[in-house]
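>>> Here is my input; please provide its structure:
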Amino acid sequence: MTIHFVDKDIDSGPIILQKTFDIDPRSSYTKVLDKLFEDADSLLLEVLERLRTPGFLPQTNDYQGTKTYLFPALADVKNYCAILKERRRGA
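Just a heads-up that it's a prediction; the model follows:
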């Protein structure tokens, strides 16, 4: 999870805080969101503390931004379902 300043591009602003999570690749989208939101309040408090710290400098974000996606096409949904089915079989 990356918390960063917002600029004109998507996901490209200077980074305030990053945290990684161990996520089972068979997890559904909602399970992943649950995992991320589990720690969201403590991460927000940490971000606010960092911003209050005198001399805090955000980390440079080398990421070039995220492509903006529209709603998935039917073929995309079917492909995603096939991927999830394969992951669950590997359990």
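>>> This protein: helices as residue ranges?
29-38, 40-52, 74-89 (DSSP state H).
>>> how close does the residue sitting furthest away from the middle of the chain get to S27?
Distance from the C-alpha centroid of the chain peaks at P54, with 27.3 Å (C-alpha atoms, centre = their mean). Here the criterion is C-beta to C-beta, to the nearest Å. By it, P54 lies 40 Å from S27. Every C-beta, even on glycine, is put in place using the N, C-alpha and C of the backbone.
>>> and what of K19?
For K19 relative to S27 (C-beta to C-beta), the value is 17 Å.
>>> Next: S42.
Applying C-beta to C-beta to S42 and S27 gives a distance of 21 Å.
>>> Of those two, which one has the most company?
S27 (14 against 10; other C-beta atoms under 10 Å).
>>> quick one, what contacts the more buried one?
Counting by C-beta atoms under 8 Å, 6 or more residues apart in numbering, S27 touches K35.
>>> switch to 10 Å and redo it
33-35, 84, 87 (C-beta atoms under 10 Å, 6 or more residues apart in numbering).
>>> What subset of these is buried?
Buried by 16 or more other C-beta atoms under 10 Å: nothing, out of the contacts of S27.
>>> Looks like M1 contacts S42 (just checking).
No: using C-beta atoms under 10 Å, M1 is not in contact with S42; the gap is 11.5 Å.
>>> what touches both of these two?
Contacts common to M1 and S42, judged by C-beta under 10 Å, 6+ apart, are K19.
>>> Quick one: closest of the helices of the chain to P14.
helix 40-52 (11.6 Å; C-beta to C-beta).
>>> Can you name the residues in contact with that closest one?
1, 3-5, 16-19, 33, 36-37, 39, 56-58.
>>> Which two of those have the greatest separation?
L33 and L57 (30.4 Å).
>>> so what's G65 scoring on pLDDT?
Predicted confidence (pLDDT) for G65: 63.
>>> try K35
For K35, pLDDT reads 86.
>>> distance of it from T20?
Distance from K35 to T20, by C-beta to C-beta: 11 Å.
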